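In: Could you look at this predicted model? Sequence included:
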Amino acid sequence: MTQVKLPDGSIRDLPAGASALDVARDISEGLARTAVAAKVDGVVCDLATTLPDECEVALLTPRDGESMEILRHSAAHILAQAVRRLHGEQVQYCIGPALMDDFQYGFYYDFDLGDAKITDDDLKAIEAEMKKIVKEKLPIAREDLSAADAKAKLAGLGQHYKIEMIDDMSSEEQAAGIALYTQGEFTDMCRGPHLQTTGQLGKGFKLLSVAGAYWRGDEANKMLTRIYGNAFFDKKELAAHLAKLEEAKKRDHRIIGKEMDLFLLDEKVGPGMPMWLPKGAVLRTELEAWLRGLLTKAGYSMVYSPQIGKLDLYRTSGHYPYYKDSQFPPITFEDEGHEDDGFLLRPMNCPHHVQMFKHGQHSYRDLPLRYAEFGQVYRWEQSGELNGLTRVRAFTQDDAHIFCTPEQLEAEIESCVALVQTIFETLDLTDYSVRISLRDPDSDKYVGSDENWELAEENIRHVVKKLGLDYVEQIGEAAFYGPKIDFVVTDCIGREWQLGTVQVDYNLPERFDISYIGSDNTAHRPVMIHRAPLGSFERFIGILIEHFAGDFPLWLAPTQVAVLPVSEKYDDYAQQVTQQLRDAGLRVDFDHTSDKVGAKIRRATLAKIPYMVILGEKEAEAQTVAARGRKAGDLGVMSIADFVEALAQERDTQGETSLIPAKIADEPAE
RNA sequence: GCUUCUGUAGCUCAGUGGUAGAGCGCGUCCUUGGUAAGGACGAGGUCAUGGGUUCAAGUCCCAUCAGAAGCUCCA
């Protein structure tokens, strides 16, 4: 006798040896058909699982969140089965998980295909085979074996990667036994659980792309073939997902950057070397000006330094030769007679700033010293890593180095974090996560003593806890000289990028042997903070483009006002208005085309220009403008002075208020 | 760097081994207009680059360069 308690509290008695599926049948045939899996005493398992004598059972249907993972996992198996049908026995399966947090994909499977090759074109054929397997409604059956038996069986199937996986399991894991799942002619090692039959996958799945992936994610291992797909219980959900991906792609900064003429990546100049076109340069100029203001308030001093330095400088800092592979090759002289052994395009600004600190004597009374520079740096990123503005080889950090006493350190870290938060909030970038990047004690890529590292990591943890930030710790993500607090945001297609960063460094001060005179009249070692709230202007603006989908707030908008005369008869008046707006410091485009006003409005709207003024006979006579908001539409007629004042206010408050009626602000974004 | 895919007009993209195409944009002309597309005509091409196959290559093959997705990397 099996006694089952259901989630509603009711109790059902079933014959001994009953399965979760029997429970479903006992309730209704319909439920038995649609149920995906069961939760027995809180553990998700197959419907075929035999129940213990007394247990709590919840049946999972497509409506339950936990079912999705099972669906996608089974989809991966069906994919593997299809690939083996099409490409034969040589196909070995590696891993094929469900992805629940990925923006694009729902599952993948990695294969070692032997001699065979799968390209994008093959996906359709594989998908067709998967549809066949779904139609066949093959029952999916689990078999529990000892590790030895499982290995014997997998060896018979030629699945050597799976055997390797068993061999790498701990002895406890091996002792717990290995599960094999079989559907039709296909058997795979898997923890499960799975759908009842392949038929339950239905039609809501699609294969999306084929890519390479290293076995176990290790570059030294063989490259496998990975096929990505996604699956939903409902075809409509799949369609909605695909539409969402399409929408997201339209926000892509590479697309918008082209449409709006913001920046240029030109292969003649070089990959990963962005150039700011006039409109994009406005974004950069405005951000820089705003930051300079914030830095002045926070007690920073702006400095400038060259973009190259002697090789020896970087030997001292530790950049060279340890990071040789990720730098541009040194500039050296081939002919004899040069005292210098060469120069390096700088991968970081810190050595220059340290030398600037070192040039004079510093009393403890002078500290903290905060040197800020919008410094361009160069790094040799792997070609496969380059990505629009988010991963480039030449970029400009909004960098600063703070030299302070150990006592001042935590307060300085706090104010750096506060600065990052202010900046992110002003730009409405609220969706970010905080990561503490620590060193991997087993790695040799870090400089400095263990004591220095422990101290710095403790400082950082302490501040983050004090500020009550939600954060995750990541081992091995630290800079080579110290741990850091990173601010990570996600781009329009779900990729994560580090923007702001605050780094604590006890090591470069030692390596450069810098000091200040303390109150005891002896030399002391200062601590350095490296910090960049934006990270780099390039990456930050890339993310900003996607965040606003190119529809920037007025203060950042490359063009702020479009002047649209109703006909060429009013060009003189339009010219006069244009000049008055420019005199007020506004960025204005005068539309000289002979189009009708409707076409002019359409063009300005598509160009994402926040405001338009439409000028015709009435306006010319009354010396007024008919204002129009890109989102709000017609704003009515007003004097030029009133229009200018409203825009100046919106610009200078960075959009926090506007004199133009609330209807603009209330209008939902597109 | 690795796997797969892509590269045709300023942009987005069609294009069966046999004379290079469309839409948008751009220019000129007509039109002089009132809140998201007026009309006509026209200019614009090393089909990424270099080899090869072929009577013939934008199209097939190889290499290189660049881009995309993913993996690896990111001081």
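Out: Good, I have the coordinates.

In: Can you check the pLDDT for A:L208?
Out: pLDDT recorded at A:L208 is 94.

In: Not counting the helix or strand containing A:Y109 itself, show me its contacts.
Out: Element membership of A:Y109, judged by DSSP states H and E, is strand A:107-112. Contacts with strand A:107-112, where a contact means Cβ atoms under 8 Å, 6 or more residues apart in numbering, come from A:72-73, A:75-77, A:79-80, A:83, A:91-99, A:118, A:161, A:213, A:215, A:222, A:224-231. Glycine gets a C-beta too; all of them are placed from N, C-alpha and C.

In: List only buried entries from the residues you listed.
Out: A:72-73, A:75-77, A:79-80, A:83, A:91-96, A:98-99, A:118, A:161, A:213, A:215, A:224-231 (16 or more other Cβ atoms under 10 Å).

In: Residue of the stretch 201-350 of chain A nearest RNA strand B, please.
Out: Residue nearest to RNA strand B within the stretch 201-350 of chain A: A:G212 (2.6 Å; Cβ to the nearest atom of the strand).

In: Show me what that residue bridges to in the sheet.
Out: A:T225 (DSSP bridges).

In: Where does pLDDT dip in the stretch 501-650 of chain A?
Out: Within the stretch 501-650 of chain A, not a single segment meets pLDDT under 70.

In: near RNA strand B, which residues of it?
Out: A:566-569, A:593-599, A:601-603, A:605-606, A:612, A:614-619, A:626, A:628, A:630, A:633-634, A:637 (Cβ under 7 Å from any atom of the strand).

In: on that earlier part again, and the residue of the stretch 201-350 of chain A closest to RNA strand B, how many residues sit next to it?
Out: 10 (other Cβ atoms under 10 Å).

In: which residues touch stretch A:347-361?
Out: Against stretch A:347-361 from outside (Cβ under 8 Å, 6+ apart): A:303, A:305-306, A:309, A:313-314, A:316-317, A:319, A:323, A:326-327, A:346, A:369, A:371, A:373, A:375, A:377-379, A:397, A:399, A:401, A:403, A:508-509, A:512, A:514, A:516-517, A:526, A:528, A:530.

In: who in the stretch 201-350 of chain A is up against RNA strand B?
Out: A:209-214, A:217-219, A:223, A:225-226, A:228, A:254, A:258-259, A:265, A:267, A:271-272, A:319, A:323, A:326-327, A:347-348.

In: Just the ones of those residues in helices?
Out: Those of those mapping onto helices are A:R254, A:K258, A:E259, per DSSP state H.

In: For the residues you listed, pick the one with the most neighbours.
Out: Result: A:R254 is most packed of these (other Cβ under 10 Å), 17 neighbours.

In: Go ahead and confirm A:M165 touches A:R191.
Out: No - in this structure, A:M165 is not within contact of A:R191 by Cβ atoms under 8 Å, at 11.0 Å.

In: who's more crowded, these two?
Out: Taking neighbours as other Cβ under 10 Å, A:M165 and A:R191 compare with A:M165 leading, 16 against 10.

In: With adjacent residues omitted, what lies nearest to the more buried one?
Out: A:M189 (7.3 Å; Cβ to Cβ, 6 or more residues apart in numbering).

In: Next up, the contacts around that neighbour.
Out: So A:M189 contacts A:A150, A:L154, A:Q159, A:K162, A:M165, A:I166, A:I178, A:A179, A:L180, A:Y181 (Cβ under 8 Å, 6+ apart).

In: Number of residues surrounding the third one?
Out: As a burial measure, A:Q159 scores 22 neighbours (other Cβ under 10 Å).

In: cool, and the last one?
Out: Burial measure for A:Y181: 21 neighbouring residues, criterion other Cβ under 10 Å.

In: Also the fourth one?
Out: Counted with other Cβ under 10 Å, the neighbours of A:K162 add up to 24.

In: Now it: which helix or strand?
Out: Judged by DSSP H and E, A:K162 forms part of helix A:160-167.

In: One more: the last one?
Out: For A:Y181, the host element (DSSP H and E) is strand A:178-183.

In: Just the buried residues of that strand, please?
Out: Buried residues in strand A:178-183 (16+ other Cβ under 10 Å): A:I178, A:A179, A:L180, A:Y181, A:Q183.

In: same deal with stretch A:493-508?
Out: A:W497, A:Q498, A:L499, A:G500, A:T501, A:V502, A:Q503, A:V504, A:D505, A:Y506, A:N507, A:L508.

In: Tabulate these (JSON lines), appending distance to A:T332 and secondary structure.
Out: Below are those laid out as JSON lines (distance: Cβ to Cβ, whole Å; DSSP: H, G, I helix; E, B strand; the rest coil):
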{"residue": "A:W497", "distance to A:T332": "34", "secondary structure": "strand"}
{"residue": "A:Q498", "distance to A:T332": "32", "secondary structure": "strand"}
{"residue": "A:L499", "distance to A:T332": "35", "secondary structure": "strand"}
{"residue": "A:G500", "distance to A:T332": "36", "secondary structure": "strand"}
{"residue": "A:T501", "distance to A:T332": "32", "secondary structure": "strand"}
{"residue": "A:V502", "distance to A:T332": "35", "secondary structure": "strand"}
{"residue": "A:Q503", "distance to A:T332": "30", "secondary structure": "strand"}
{"residue": "A:V504", "distance to A:T332": "34", "secondary structure": "strand"}
{"residue": "A:D505", "distance to A:T332": "29", "secondary structure": "strand"}
{"residue": "A:Y506", "distance to A:T332": "32", "secondary structure": "coil"}
{"residue": "A:N507", "distance to A:T332": "27", "secondary structure": "helix"}
{"residue": "A:L508", "distance to A:T332": "25", "secondary structure": "helix"}
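
In: Return the member of those residues nearest to A:D64.
Out: A:W497 (33.7 Å; Cβ to Cβ).

In: Pull the contacting residues for the residue of the stretch 51-200 of chain A found nearest RNA strand B.
Out: Closest contact between the stretch 51-200 of chain A and RNA strand B, by Cβ to the nearest atom of the strand, is at A:T119 (3.4 Å). Contact partners of A:T119, counting by Cβ under 8 Å, 6+ apart, are A:V210.

In: Work out for me the element A:S443 sits within.
Out: With DSSP H and E as criterion, A:S443 is part of no helix or strand.

In: mind checking how far A:F233 is from A:G202?
Out: Computed as Cβ to Cβ, to the nearest Å, the A:F233 to A:G202 distance reads 7 Å.

In: so where do the strands sit in the stretch 251-400 of chain A?
Out: Ranges of strands in the stretch 251-400 of chain A, per DSSP state E, counting those that start in this stretch, are A:263-264, A:275-276, A:301-302, A:308-310, A:343-345, A:369-378, A:394-404.

In: Go through the ones you listed and pick out the most buried.
Out: Stretch with highest mean neighbour count among those: strand A:394-404 (a mean of 24; mean count of other Cβ atoms under 10 Å).

In: chain center to that one: distance?
Out: Between the centre of strand A:394-404 and the centre of its chain there are 22 Å (Cα atoms, centre = their mean, to the nearest Å).

In: After that strand, which helix or strand is next? Please name it.
Out: By DSSP H and E, the next helix or strand past strand A:394-404 is helix A:409-426.

In: The helix or strand where A:A80 lies relative to strand A:107-112, how many degrees between them?
Out: Using DSSP H and E, A:A80 falls within helix A:65-87. Per axes from the mean of the first three to the mean of the last three Cα atoms, to 10 degrees, the angle that helix A:65-87 makes with strand A:107-112 is 30 degrees.
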